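Participant: based on what follows, work out the 3D shape:
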Amino acid sequence: MIESNTLVERCIIDAAVVHHIGNKPTDEGIIFSKSTLNLDANTRNSLLTWFFSSFRFDEYYNLYHDSDLKLNEVFSYVSQIFEDPDTLFDQSVNLSKHLYEQSNHPKIKVGELFVVYFQDCPVGNETVDAVGLFKTETKDTFLRVLPVTTGFTIESELGFNINKLDKGCLIFNSEAEKGYLVSIVDSVNRSTDAQYWVDQFLHLQPRNDEYYQTKNVLNLCKSFVVNRMPEEFEVSKADQVEMLNKSVKFFKESEEFDMDDFANEVLSDPGMIGSFKSYKSEFEQDKDIQITDKFSISEAALKKQSRVFKSIIKLDKNFHIYIHGDKQNIVKGFDPESGMHFYQLFFREES
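Facilitator: I've put the predicted structure just below:
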């Protein structure tokens with residue numbers, strides 16, 4: 001839908017403002033700019049690289065509020081900017097105040113908040129405007145070599161690296177009724193304390209699309225195999241690994257997901273299919289999500305979630321067995337003399 005290189009090439013920075021956001025528990029306050037930034041062409045190009053290069057554009061979100069979307073402060077301020085771009089500076093002040101109020105944990109770092117209005121951003125088959133919110137939290141030391149009468153000298157100064165973005169949010173003027181199309185970056189301090197950017201400040205929820213559905217079904221499959229199967233069926237670790245492998249294989253070989261096809265092809269056994277469907281209802285209720293029975297599979301979500309599908313049997317602290325093929329070539333047994341379990345592995349060749 002969106003590519004960072006295309007944004008760098010085609011988007012235009014219409015206006016930008018920067019304010020310094022302190023840490024609220026230490027009462028550092030906010031240092032406000034008095035006007036928008038005056039940017040030359042080279043600086044604009046450097047900023048475009050910094051603003052966009054860290055975004056992956058595979059998982060999207062929407063701004064939301066539990067009772068009324070208009071009560072989401074970021075949604076309200078950004079909507080006013082879209083309605084009248086000349087209000088960017090005034091709304092940047094409101095956004096800075098809102099961010100400062102959420103910076104109420106001592107571990108939250110101070111930094112500069114950039115509020116930027118972009119024009120001509122390609123989103124799928126349309127071109128829209130966007131509002132960008134970017135916060136710097138990590139400073140790097142840069143060395144400058146300067147000529148002097150006796151030769152050269154070196155000076156150091158603090159700044160931010162345009163190849164690394166600490167926190168970023170792009171709000172595209174699309175899907176306004178759902179809370180706009182939103183993409184985020186949060187690369188510093190992924191602890192619970194840092195969730196103020198996503199949860200408290202932006203107040204986001206995942207966009208209900210193919211990425212979201214693919215991610216949820218894969219999580220459902222893993223949870224069912226790991227947690228429910230051993231409770232209701234007599235299965236070995238090898239059986240569980242095989243089921244995880246079959247699940248991933250089904251997704252990799254399909255463009256569209258169909259719940260009935262998945263159940264019949266991967267689970268096969270009627271009892272296990274019934275257990276899976278029952279577990280799906282529990283999973284949806286517990287996670288407060290809704291999984292549809294048919295959707296297009298997201299390759300990005302599949303690639304990311306497949307990493308947590310471990311095809312490994314761990315034996316004490318001595319051995320790991322990686323299973324990628326037929327579990328019929330693995331036999332589990334018990335040796336009464338040693339009082340230990342064992343696995344027999346059958347193979348044709350070793351390499």
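
Participant: my guess is V331 meets Q344, correct?
Facilitator: Yes. At 4.2 Å, V331 and Q344 qualify as touching, with contact defined as Cβ atoms under 8 Å. To be clear about C-beta, it is placed using only N, CA and C from the backbone, and glycine gets the same treatment.

Participant: tell me the mean pLDDT over the longest strand along the chain?
Facilitator: Using DSSP state E to define each element, the chain has its longest strand at strand 111-123. The average pLDDT for strand 111-123 rounds to 96.

Participant: let me know the angle separating the very next helix or strand once past that strand from strand 111-123.
Facilitator: Next helix or strand after strand 111-123 toward the C-terminus (DSSP states H and E): strand 126-135. With axes from the mean of the first three to the mean of the last three Cα atoms, to 10 degrees defining the directions, strand 126-135 sits at 170 degrees from strand 111-123.

Participant: which strands and helices sit next to the helix or strand that strand 126-135 is followed by?
Facilitator: Remark: after strand 126-135, the chain's next helix or strand is strand 140-148, criterion DSSP H and E. Using 3 or more Cβ pairs under 8 Å, 6 or more residues apart in numbering; DSSP states H and E, the elements in contact with strand 140-148 are strand 151-159.

Participant: alpha carbons only: can I get the strand it packs on in PDB?
Facilitator: Output of strand 151-159 as PDB, limited to C-alpha atoms (Å, rounded to 0.1, in the frame of the first residue of the first chain):
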ATOM      1  CA  GLY A 151      45.500  23.300   9.000                       C
ATOM      2  CA  PHE A 152      42.400  21.700  10.500                       C
ATOM      3  CA  THR A 153      40.600  21.300  13.800                       C
ATOM      4  CA  ILE A 154      37.900  18.900  15.000                       C
ATOM      5  CA  GLU A 155      34.800  20.000  16.900                       C
ATOM      6  CA  SER A 156      32.100  17.700  18.400                       C
ATOM      7  CA  GLU A 157      28.400  18.400  18.800                       C
ATOM      8  CA  LEU A 158      25.300  16.600  19.700                       C
ATOM      9  CA  GLY A 159      22.500  15.900  17.200                       C
END
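
Participant: in its sheet, what does the next helix-or-strand element following it sit against?
Facilitator: Remark: after strand 151-159, the chain's next helix or strand is strand 167-172, criterion DSSP H and E. Strand 167-172 sits in its sheet next to strand 126-135 (antiparallel), strand 181-186 (antiparallel), going by DSSP bridges.

Participant: how far is the first one from where the chain is centred?
Facilitator: Think strand 126-135. 18 Å (Cα atoms, centre = their mean, to the nearest Å).

Participant: let me know the angle separating the helix or strand R44 falls within from strand 181-186.
Facilitator: Assessed by DSSP H and E, R44 sits inside helix 41-52. Calculated by the same axes, to 10 degrees, helix 41-52 forms an angle of 90 degrees with strand 181-186.

Participant: ok, V331 and Q344, which is more surrounded?
Facilitator: More neighbours surround V331 than the other of V331 and Q344, with 13 against 9 (other Cβ atoms under 10 Å).

Participant: picking up where we left off before, just checking: what are the partner strands of the longest strand of the chain?
Facilitator: Counting by DSSP bridges, strand 111-123 is paired with strand 12-21 (antiparallel), strand 126-135 (antiparallel).

Participant: other residues contacting the last one?
Facilitator: I take that to be strand 126-135. Strand 126-135 is contacted by residues 11, 14, 21, 50-51, 74, 78, 81-82, 85, 95, 99, 111-121, 165-174, 197, 202 when judged by Cβ atoms under 8 Å, 6 or more residues apart in numbering.

Participant: next one: the first one
Facilitator: The set of residues that contact strand 12-21 without belonging to it, under Cβ under 8 Å, 6+ apart, is 30-33, 35-37, 39, 44, 47-48, 85, 88-89, 92-93, 96, 99-100, 103, 110-120, 129, 135.
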